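Student: have a look at this prediction, sequence included:
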Amino acid sequence: MAWTKKDLLDLEYLTAEEITTILDTARSFYEVSTRTIKKVPALRGKTVVNLFYEASTRTRASFEIAEKRLSADVLNVNVSVSSVTKGETLLDTVKNLCAYKIDVIVIRHSVSGSPLYLARNIEASVINAGDGAHEHPTQALLDIYTLRERLGELKGRQIAIVGDIAHSRVARSNIWGLTKLGAKVTVVAPPTLVPRDIERMGVAVSHRLDEAIARADAVNMLRIQREREKQTLFPSLREYSKLFGLDEEKIKDLPEGMLVMHPGPINRGVEISGAVADGPHSVILEQVTNGLAVRMAVLFLVAGGTSLHPESLGT
Amino acid sequence: MAWTKKDLLDLEYLTAEEITTILDTARSFYEVSTRTIKKVPALRGKTVVNLFYEASTRTRASFEIAEKRLSADVLNVNVSVSSVTKGETLLDTVKNLCAYKIDVIVIRHSVSGSPLYLARNIEASVINAGDGAHEHPTQALLDIYTLRERLGELKGRQIAIVGDIAHSRVARSNIWGLTKLGAKVTVVAPPTLVPRDIERMGVAVSHRLDEAIARADAVNMLRIQREREKQTLFPSLREYSKLFGLDEEKIKDLPEGMLVMHPGPINRGVEISGAVADGPHSVILEQVTNGLAVRMAVLFLVAGGTSLHPESLGT
Amino acid sequence: MAWTKKDLLDLEYLTAEEITTILDTARSFYEVSTRTIKKVPALRGKTVVNLFYEASTRTRASFEIAEKRLSADVLNVNVSVSSVTKGETLLDTVKNLCAYKIDVIVIRHSVSGSPLYLARNIEASVINAGDGAHEHPTQALLDIYTLRERLGELKGRQIAIVGDIAHSRVARSNIWGLTKLGAKVTVVAPPTLVPRDIERMGVAVSHRLDEAIARADAVNMLRIQREREKQTLFPSLREYSKLFGLDEEKIKDLPEGMLVMHPGPINRGVEISGAVADGPHSVILEQVTNGLAVRMAVLFLVAGGTSLHPESLGT
């Protein structure tokens, strides 16, 4: 299927076919990073701006390497809270960048919906790199890519997402994407961390990790934000870890071949023990590698690459 | 006219012919950013350092994109006040950078005259990206470029510059450049924000925005720094805005075709209302686009490009 | 001699032959930065990450320019203390970066031994850009390169290293490298700044700068950290400067041709006076220029360049 959208804003409004197009394209780009010369001219002479209103090492690094391996010209703009207060609106900032005839803007912002708002008001393509508690579509796409590579067809597969569902854009994007592809999703968390009416998204809810694990093909362990402890959304990190963390004890009961995922950065000893993170079930570093391929694919598609001719992938 | 200067430090010491050479060169580079492949090899294998001692998103972004579209190797060095206190002098810092055989250094510094001081002591070309309250030549050049594109010949044209003239390097550079090209400049501000003896620069002074607008071909609204309010240089932002800001009320009286300019970032509702910024008189985003072309031209010229052979502009 | 090591971690475990291989390779790269087009395709399509856990303008700039002149794709990651406390371990951060199939990681970290630890656990090449008070091998290599260019064969040459020997990774790396090449090293400092048993590294110790200078072919003046004053490791900066700094008075007695070096950034008037830094003995800016060539050589060698075919150095 040919890609037709200008932007990648969310998985909620993508079709299963569009998601599959991204994943298939990512597979072609995966190979580029295994070459001696890890570079293709696909975006040569195009300008990509990484506009980050929240600090991020990992996602920004992944996008930046993807952009450079596609031969794009890259501009990083990290906006701290202090300069935001200088008075310029988000749209003015972005319209100024667009006046340079940039091609793609990758944006992370704490306000949900800001990428959509921008996309409707500018000509450049917008890629959402995380907006508030709304969506983080490229993270979910790389999770789904990893699952598909390992498990094949996702229809009917059981995927557990464990952790702070209420505040997680990763969880939301995963739920939209996985359910569209026919997977069965269970969210696992203490009641305080599950949003009311989450079942309407087509997922099951469990408050017991052991039960959820017993029937899962893969479990995606979300990072727990230490500040939630102060908000008394759970008694203590120690208690959370004991009930909802994956440790050596619980992993003994994991079925062989069950996948353990984590969007990173991991809190070793909190939501996941070191032995599990580095153990045979873990595909955490595969997720990172796949994320690069997924982001190269998304950048390529929104920038107007509708097919993968040899010259796009040649060096 | 062939360009012969090593540096671009100010407009005060440029001739009208030199200014025109930059504007004409910029016109050739404007076209590059409208191509599918927005890149020319003009500065390939040359190294440009952006050395910013003051925070700047806009000017740095504009220079950085210009440099990358010229295929230069780019190094960003942002020096915070804290590391300056480490003891190394400005000249030592710059001489160290020059030891890498860099070609161009783009510098922003709070001390007036520092680009000139450096230019006299190093071999690399120096571009002043704003020095204290002295000059900001590339900003004025892009303003003048925009005026010339819109109004044609500037001789005899009436240009009003409104705002904090006393502290504005943008105003000073504009005054030098515009008067050299024969335009008639009026500065408009409360008396506390007009430097004594400004008339010696060849400009008229007005304290009434309505009067100045009535006869202007273009009005350049300077950004007002909120900290001036604390310095009691005007009663309040609200008062300033009412008397010297452009709002929907005042714009009703603007002659058709009169241009509204702003160097950005704009304070919507202070020196300019949203309706004016986005309205038919505004050329604010054109200024930004033109700024890229002007900076590509300046980088090209100081780096030794004396003419525009096809190979400089070919991809 | 062909280079066989994956990493550059220290000079302690390099042989004289390996050091000489780096210096000889650097000589070939030195020429690249004298060309009109200062760029070679040696690392095209390879990805280099500069991972700095300590603030650094100079070393980072030197590596970044070296990488870009080798045509590598470059990612800068500056990790502040605040984000380190987010909970991810150093090895997790680096393994994540390695999941992008990066080729070389240049790391600066306050913990001695961290580059070695990483090198043993990842496939990518590691270059130590300074680890705690342990080593700073590329700085010493550029010092030695400079000495060799100026003095020829180093066997039997007298080199004085002056300053805070106890806390200096530059001193340690210089001592290892110089003694391996047969030079005679004297460390010169107040007793509080000399580590106990330093003689075991094969150096002489002096507490009198005048004596050491009298017989030296070169003197390497280390930067004094102002915070040592608060630790009362010497009476005062003024006192230190008088006894162990190089000023116009002392330089009168320097033999013609004696070299004065400094790793920078210099504290003019503390460890070295302005007249000395800019005088005929000083090779400080040569060191900086040579550092670029040395870092190009190291990047080239660890990334797998075993010989310098014309195509590696062609444009």
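Tutor: Cool, got the structure.
Student: briefly note if stretch A:289-302 comes near chain B.
Tutor: No. Using C-beta under 8 Å from any C-beta of the partner chain as the criterion, no contacts between stretch A:289-302 and chain B are found, and the smallest distance is 14.7 Å. Bear in mind the C-beta positions are built from the backbone N, C-alpha and C, glycine included.
Student: right, is that stretch up against chain C?
Tutor: Yes. Applying C-beta under 8 Å from any C-beta, one finds that stretch A:289-302 is in contact with chain C at A:289, A:292.
Student: now that stretch: average pLDDT?
Tutor: Here the mean pLDDT over stretch A:289-302 is 98, rounded to a whole number.
Student: for chain A, which spans come out with low pLDDT?
Tutor: For chain A, residues meeting the criterion pLDDT under 70 lie at A:81-87, A:306-315.
Student: if we go to 80?
Tutor: Along chain A, the model assigns pLDDT under 80 to residues A:1, A:80-87, A:226-235, A:253, A:305-315.
Student: and residue A:212, its phi and psi?
Tutor: With angles defined as degrees, to the nearest 10, residue A:212 sits at phi -60, psi -40.
Student: contacts only, for it.
Tutor: Listed by C-beta atoms under 8 Å, 6 or more residues apart in numbering or on different chains, the contact partners of residue A:212 are A:160, A:162, A:186, A:188, A:206, A:219.
Student: chain C contacts on chain A?
Tutor: Proximity of chain A to chain C is confined to A:33-39, A:55, A:57-58, A:61-62, A:64-65, A:68-69, A:226, A:264-268, A:270, A:285-286, A:288-289, A:292, A:315 under the rule C-beta under 8 Å from any C-beta.
Student: from the contacts of residue A:212, which single one is nearest residue C:240?
Tutor: Checking those against residue C:240 with C-beta to C-beta, the nearest one is residue A:162 at 58.3 Å.
Student: tell me the contacts of that closest one?
Tutor: With contact taken as C-beta under 8 Å, 6+ apart, residue A:162 is in contact with A:187, A:188, A:189, A:209, A:212, A:219, A:220, A:221, A:222, A:244, A:246, A:271.
Student: thinking again about what came up before, need the max-distance pair from the contacts of residue A:212.
Tutor: Maximum pairwise distance in the contacts of residue A:212, criterion C-beta to C-beta, is 11.3 Å, between A:206 and A:219.
Student: who's more crowded, these two?
Tutor: Shown here are residue A:206 and residue A:219; by other C-beta atoms under 10 Å in any protein chain shown, residue A:219 has more neighbours (24 against 18).
Student: bridged to the more buried one, which residues?
Tutor: Taking DSSP bridges, one obtains residue A:160, residue A:260 as the residues bridged to residue A:219.
Student: quick one, helices of chain A?
Tutor: For chain A, helices defined by DSSP state H occupy the ranges A:16-30, A:58-69, A:81-84, A:90-98, A:114-119, A:137-151, A:169-180, A:209-214, A:227-230, A:237-244, A:248-251, A:274-277, A:284-302, A:310-313.
Student: would you mind saying which of those helices lies nearest residue C:48?
Tutor: Shortest separation from residue C:48 across those is recorded for helix A:58-69, at 10.8 Å, computed as C-beta to C-beta.
Student: for chain B, what are the nearby residues on the stretch 101-250 of chain A?
Tutor: Selection of the stretch 101-250 of chain A residues close to chain B by C-beta under 8 Å from any C-beta yields A:101, A:102.
Student: what count of nearby residues applies to the residue of the stretch 101-250 of chain A found nearest chain B?
Tutor: Closest residue of the stretch 101-250 of chain A to chain B, C-beta to the nearest C-beta: residue A:101 (4.6 Å). Other residues within reach of residue A:101, judged by other C-beta under 10 Å, total 19.
Student: so what's the residue nearest to it when sequence neighbours are not counted up against?
Tutor: Spatial nearest neighbour of residue A:101, excluding adjacent residues (C-beta to C-beta, 6 or more residues apart in numbering or on different chains): residue B:33 at 4.6 Å. With contact set as C-beta under 8 Å, 6+ apart, residue B:33 has these partners: A:100, A:101, B:69, B:289, B:292, B:293.
Student: what's the most distant pair in those residues?
Tutor: When the contacts of residue B:33 are compared pair by pair using C-beta to C-beta, the farthest-apart members prove to be B:69 and B:289, with a separation of 12.7 Å.
Student: higher neighbour count, those two?
Tutor: A direct count of neighbours by other C-beta under 10 Å for residue B:69 and residue B:289 places residue B:69 higher, at 28 against 21.
Student: quickly note the distance from that one to residue A:96.
Tutor: Residue B:69 is 17 Å from residue A:96, where distance means C-beta to C-beta, to the nearest Å.
Student: again with residue A:249
Tutor: In this structure, residue A:249 lies at 54 Å from residue A:96, with C-beta to C-beta as the measure.
Student: also residue A:122?
Tutor: 11 Å.
Student: of these two, who's got more company?
Tutor: More neighbours sit around residue A:96 than around the other of residue A:122 and residue A:96, counting by other C-beta under 10 Å; the figures are 23 against 18.
Student: now the more buried one, nearest residue through space, not along the chain?
Tutor: Nearest-residue entry for residue A:96: residue B:288, 5.2 Å, with adjacent residues in sequence omitted and distances by C-beta to C-beta, 6+ apart.
Student: overlap in contacts of residue A:206 and residue A:219?
Tutor: Shared between the contact lists of residue A:206 and residue A:219 (criterion: C-beta under 8 Å, 6+ apart) are residues A:160, A:212.
Student: tell me which residues in stretch A:187-202 are buried?
Tutor: When burial is assessed from 16 or more other C-beta atoms under 10 Å in any protein chain shown, stretch A:187-202 yields the following buried residues: A:187, A:188, A:189, A:190, A:193, A:194, A:195, A:198.
Student: my guess is residue A:65 meets residue A:292, correct?
Tutor: Yes. Here residue A:65 reaches residue A:292: they are 6.1 Å apart, a contact under C-beta atoms under 8 Å.
Student: shared neighbours, those two?
Tutor: Each of residue C:100 lies in contact with both residue A:65 and residue A:292 under the rule C-beta under 8 Å, 6+ apart.
Student: the closest residue to chain C within chain A: how many residues sit nearby?
Tutor: Minimum separation of chain A from chain C (C-beta to the nearest C-beta) falls at residue A:37, amounting to 3.0 Å. Counted with other C-beta under 10 Å, the burial measure for residue A:37 works out to 13 neighbours.
Student: chain neighbours aside, what residue packs nearest to it?
Tutor: Nearest residue to residue A:37, sequence neighbours excluded (C-beta to C-beta, 6+ apart): residue C:45, at 3.0 Å.
Student: thought the residue of chain A closest to chain C was touching residue C:44?
Tutor: Yes. A contact is recorded between residue A:37 and residue C:44 when judged using C-beta under 8 Å, the distance being 6.2 Å.
Student: quick check: the gap between residue A:239 and residue A:192.
Tutor: The span separating residue A:239 from residue A:192 equals 12 Å under the rule C-beta to C-beta.
Student: residue A:147 and residue A:218 touch, don't they?
Tutor: Yes. Using C-beta under 8 Å as the test, residue A:147 is close enough to residue A:218 to be in contact (5.8 Å).
Student: so what sits against both of the two?
Tutor: Jointly contacting residue A:147 and residue A:218 under the rule C-beta under 8 Å, 6+ apart are A:157, A:159, A:259, A:261.
Student: which one of these is nearest residue C:7?
Tutor: Of all the shared contacts of residue A:147 and residue A:218, the one with the least separation from residue C:7 (C-beta to C-beta) is residue A:261, at 31.0 Å.
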